[in-house]
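S.K.: Model the following, please.
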Amino acid sequence: MPSKSAKLALFLLYVSLALSVPQLLARKKDKAPEPAASEQKRAVQALNRLTFGPRPGDVQQVMALGVDRWIDLQLHPEKIPDNAIESRLAGFRTLHLSSKEIAEEFPDNQMIKQVMDGKRPMPSDPAKRAVFQVQIARLEERKEKKQLSNINNDDRKVAAAAAVASQPLAFDTAKTAEELAAAAAGSVEATPSAPADSDSMNSTSMNSTSMNATSMNSMREEPKPAVVDAAEARRRENRLYADLKIEGLIDLPADQRYKKVLAMSADEQIAFADSLRGGSVKAQDFVAGMNAKQKETLLAMNNPQAVVADELVQAKLLRAIYSDRQLEEVMTDFWFNHFNVFAGKGPERLFLTNYEQEVIRPRALGKFEDLLLATAKSPAMLFYLDNWLSVGPDSMRALGIPDRPARYGPRRFPPPNPNAKRKANNGLNENYGRELLELHTLSVNGGYSQRDVTEVAKVFTGWTIDKPNDGGGFKYDPRTHQPGPKFVLGHHFKPKGEDEGRAVLHMLANSPQTAHFISLKLAQRFVSDDPPPALVDRMAKTFEKKKGDIREVLTTLFHSPEFWADSAYRAKVKTPLEFVASAVRATGADVDDAMPLARQIANMGMPLYGAQPPTGYSMKAETWVSSSALLNRMNFALGLAAGKVRGVKLDAVQLAGSTPASLDAALALLTMEAKLLAADVSKQTHDSIMAQIQSAAKPTRPPDASTIAGMLLGSPEFQRR
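M.R.: Numbering: from 1, shown residues only. The predicted structure follows:
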């Protein structure tokens, strides 16, 4: 690792990045395009914009194929074999499950509680049953703790003795209650002492005015109940024995290991799951060699929903790093961010996989209207923006009108009665209507009013989810739909139930304001934070002429002189996702476990699927350029180059094209500049890194290749694309 002076030098590089970004963004709009760039520079620009960054050898391959031909191929991903990424994703079974199957195999707390309360049957399948048994035990444990917290001090002593006597250990019944309590308290008597006399406590607190808040809080704290200490000791003992079991089972073949766990008693399975908490290396070693279902079952015993989320996150990163269909990956990320949903809201995790896999990805380069309709009907969007709860104020449900059996024919609705009694807790939800107009189509300056938002919200009443906690799909419910005509943006929409929503989406998808807004966002992603208006206008015309064909709009963009202008070259600061993915791609690192990379991205302020507001993550430099953010990037670059990021293998010496004994600092720097940045490094960056290498070198130790690589990955040039 570099010295403090090395880190200071790197920090100065980051400061130069922070100072240079405003200059890049301050250029004049519609500046005349510069002369045509060299073929190598065009290849670098294409790779930086249409991919998550070039890999070793990519520039040469694109030049050999021809930049324009390569771009056309990326616009048609179905023509590109992607066997490499398919093999890497083969172990992620959840990617191919429906939301309903995910809910059944990786239950949330609500479903687990329903089984615990007898409202659902316990699964008969041994694998599913093991997952439910462990999670039910944990719910019962939390429930027990809550109940015990209400027991007074005298009762706790009696409860402790009774609980310890009546509940034998899972692995060792020879332990006494005293030994358990001692183990929990670290060989200190676990039975709480009697509380201080209340009168003397009050007197002390009144008279000792100098007593600080900490001491007062400690006086008010009630001692731990002995039964909780005993239960904690029991868990520690069980984890110890579970660890021993792991050590004893880990040498067995994978199938036998799996069968042994399923054959454990319920208490043993609970202890086993506890010992694998936190995604430890131990857990990875234990499931090594098992098939996808076996791995998922054992990991789900610890945390069912985390399995689904982790596989989705890993798949996103691995696709960004290894897929040959790079533009499809870039556009999938772009549209997910445009139609953002938040993973942390309720059962949203059930729908995320299907949302990205089946809604966004297949339409990433298709017609915008198809994508808009698919997102509107997606349970992920319906749940995120609460449209599934929206009820028309004059709907059958709001008025309390009972449903009419089908055999009696359709109900004729009477005119709404303003004096009718509404059912409680029903109401019109405008979240989706507002975001549809402001963020998905017209933009905040799209010429709509609050009345339009309300009318759009009425249009989409009845668009809901069938059993959301069970992973159900889209359902139209006529009982919650607002009857009568609607008026949106001056257009009259006749009452047609679900078809009203389709008609409004069609109008918005074909609006000139939408064409301009989507073109602007695409230009911001691929050209600059403040793209030339002339370019956006040409893209918008293509959007209107080609009926929202995203592939055609991108073709206009990629063949524009503005895209190839010198002012656009390395003008975009990478987001944390782009930075991490590009660093791994540039170094040719091999990723066995992508979760540590995902945690690095989260540390930089961009947890994947974790943008809470509907705006998603910003694409602009100002969001990502700050001293703390840049220092996080520097630390990641150094750690990656030094091989200190778990789950990622990287040989910096090999990257330098030499061996440790023969490493020449100047030659290694030139070699890695060519590999990591296509030799496109400023003299200031080159001289700064060279000076740092020379000052840190010692006669007895050759220059550190990982430090050189880390400084290049942390350079201002690598931070931009």
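
S.K.: Check which helices and strands the helix or strand that residue 145 is a member of sits against.
M.R.: Element membership for residue 145 (DSSP states H and E) is helix 126-148. If contacts are counted by 3 or more CB pairs under 8 Å, 6 or more residues apart in numbering; DSSP states H and E, helix 126-148 sits against helix 99-105, helix 109-116, helix 226-249, helix 254-262, helix 266-275, helix 292-302. Any C-beta I mention is one placed from the backbone N, CA and C, and that applies to glycine too.

S.K.: which stretches of the stretch 51-200 of the chain have low pLDDT?
M.R.: Counting by pLDDT under 70, the stretch 51-200 of the chain contains low-confidence residues at 149-200.

S.K.: where exactly do the helices run in it?
M.R.: 58-65, 67-74, 83-88, 99-105, 109-116, 126-148, 153-166, 177-184, 198-207 (DSSP state H, counting those that start in this stretch).

S.K.: least reliable of the helices and strands packed on helix 126-148 going by mean pLDDT?
M.R.: Comparing the helices and strands packed on helix 126-148 by mean pLDDT, the weakest confidence falls on helix 226-249, with a mean of 60.

S.K.: how is the chain carved up into domains?
M.R.: Segmentation of the chain into domains, based on automatic domain parsing, reads 4-70+572-719, 99-192+224-307, 323-509, 513-564.

S.K.: so which of those domains gets nearest residue 317?
M.R.: domain 4-70+572-719 (4.2 Å; CB to CB).

S.K.: so how far is the closest one from its chain's centroid?
M.R.: Domain 4-70+572-719 sits 23 Å away from the centroid of its parent chain (CA atoms, centre = their mean, to the nearest Å).

S.K.: picking that back up, winner for burial among the domains of the chain?
M.R.: The highest average neighbour count among these, using mean count of other CB atoms under 10 Å, belongs to domain 513-564 at a mean of 20.

S.K.: tell me the mean pLDDT over that domain?
M.R.: 98.

S.K.: any idea how far it is from the chain center?
M.R.: Distance, stretch centre to chain centre, for domain 513-564: 28 Å (CA atoms, centre = their mean).

S.K.: which SS state does the closest residue to residue 682 other than its chain neighbours fall under?
M.R.: Counting by CB to CB, 6 or more residues apart in numbering, residue 682 lies nearest to residue 717, which is 6.6 Å off, once chain neighbours are set aside. Recorded secondary structure, residue 717: helix (DSSP: H, G, I helix; E, B strand; the rest coil).

S.K.: separation between residue 717 and residue 706?
M.R.: 19 Å (CB to CB, to the nearest Å).

S.K.: Check residue 526 too.
M.R.: For residue 526, the distance to residue 706 - CB to CB - is 33 Å.

S.K.: Look up which residues are beta-bridged to residue 486.
M.R.: residue 493 (DSSP bridges).

S.K.: So that it lines up with my notes, have the first residue be 53 from now on.
M.R.: With 53 as the first residue, the last one maps to residue 538.

S.K.: hang on, isn't it packed against residue 511?
M.R.: Yes - the pair residue 538 and residue 511 passes the contact test of CB atoms under 8 Å, sitting 5.2 Å apart.

S.K.: Overlap of the contact sets of those two?
M.R.: By CB atoms under 8 Å, 6 or more residues apart in numbering, residue 538 and residue 511 have these common neighbours: 545, 552, 556.
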